[in-house]
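> Structure here, sequence nowhere to be found:
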């Protein structure tokens with residue numbers, strides 16, 4: 001398992017390196033660049049694999065799961081656009097209408113990979129940032145404009161748009 005994960009990450013990094021540096025014939029120092037790229041890709045892959053959690057980073061492929069992944073990507077894009085507009089409004093507004101705070105929300109996702117994707121999706125949506133996660137399913141989110149302190153209402157606003165689709169993908 002670890003070797004196959006290492007090889008996947010190594011080749012992905014090497015491909016990215018090749019696309020970014022383009023070390024092909026006619027380039028001065030061609031062999032040095034290839035050796036550097038292979039060495040750095042191997043080093044980063046090794047360090048990355050050591051820091052990865054122990055849960056599997058893949059799921060069995062199915063048409064239904066693929067469909068829900070597409071739905072999730074579209075939903076995430078929609079929420080990101082809306083959040084960007086909201087944050088831009090708050091930044092450009094003369095009175096800067098923000099009310100920052102940290103709210104505690106609960107997720108019902110059991111799969112650790114699903115929880116990680118949920119936390120990353122919340123963080124990538126402007127105006128929110130996941131600060132901490134408990135093993136009990138609680139997520140602490142820094143919110144640019146806290147509209148409600150109640151855990152259930154905050155959960156409906158922050159977590160639920162992502163969680164329903166993630167349940168269909170992972171559980």
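Perfect, thanks for sending it. Because the structure is predicted, anything quoted here is derived from the model rather than measured.
> So in this structure, which helix runs the longest?
helix 63-92 (DSSP state H).
> which strands and helices sit next to the helix or strand that it is followed by?
Downstream of helix 63-92, the next assigned helix or strand under DSSP states H and E is strand 101-106. On a contact count with 3 or more Cβ pairs under 8 Å, 6 or more residues apart in numbering; DSSP states H and E, strand 101-106 meets strand 138-143, helix 151-158. For every residue, glycine as well, the C-beta is placed using N, CA and C.
> Residue 48: which of the ones you listed is closest?
strand 138-143 (24.0 Å; Cβ to Cβ).
> So which elements touch the closest one?
Strand 138-143 packs on strand 101-106, helix 112-124, strand 128-133, helix 151-158, going by 3+ Cβ pairs under 8 Å, 6+ apart.
> Please point out which parts of the very next helix or strand once past the last one sit buried.
The one in question is helix 151-158. Sequence-wise, the next helix or strand downstream of helix 151-158 (DSSP H and E) is helix 160-170. Neighbour-count burial for helix 160-170, counted by 16 or more other Cβ atoms under 10 Å, picks out 161, 162, 163, 165, 166, 167, 169, 170.
> still on that earlier bit, got JSON lines for the helices and strands packed on strand 138-143, with mean neighbour count and distance to residue 3 too?
Conversion of the helices and strands packed on strand 138-143 to JSON lines gives the following (neighbours: other Cβ atoms under 10 Å; distance: least, Cβ to Cβ, whole Å):
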{"stretch": "strand 101-106", "mean neighbour count": "17", "distance to residue 3": "37"}
{"stretch": "helix 112-124", "mean neighbour count": "18", "distance to residue 3": "20"}
{"stretch": "strand 128-133", "mean neighbour count": "16", "distance to residue 3": "29"}
{"stretch": "helix 151-158", "mean neighbour count": "16", "distance to residue 3": "39"}
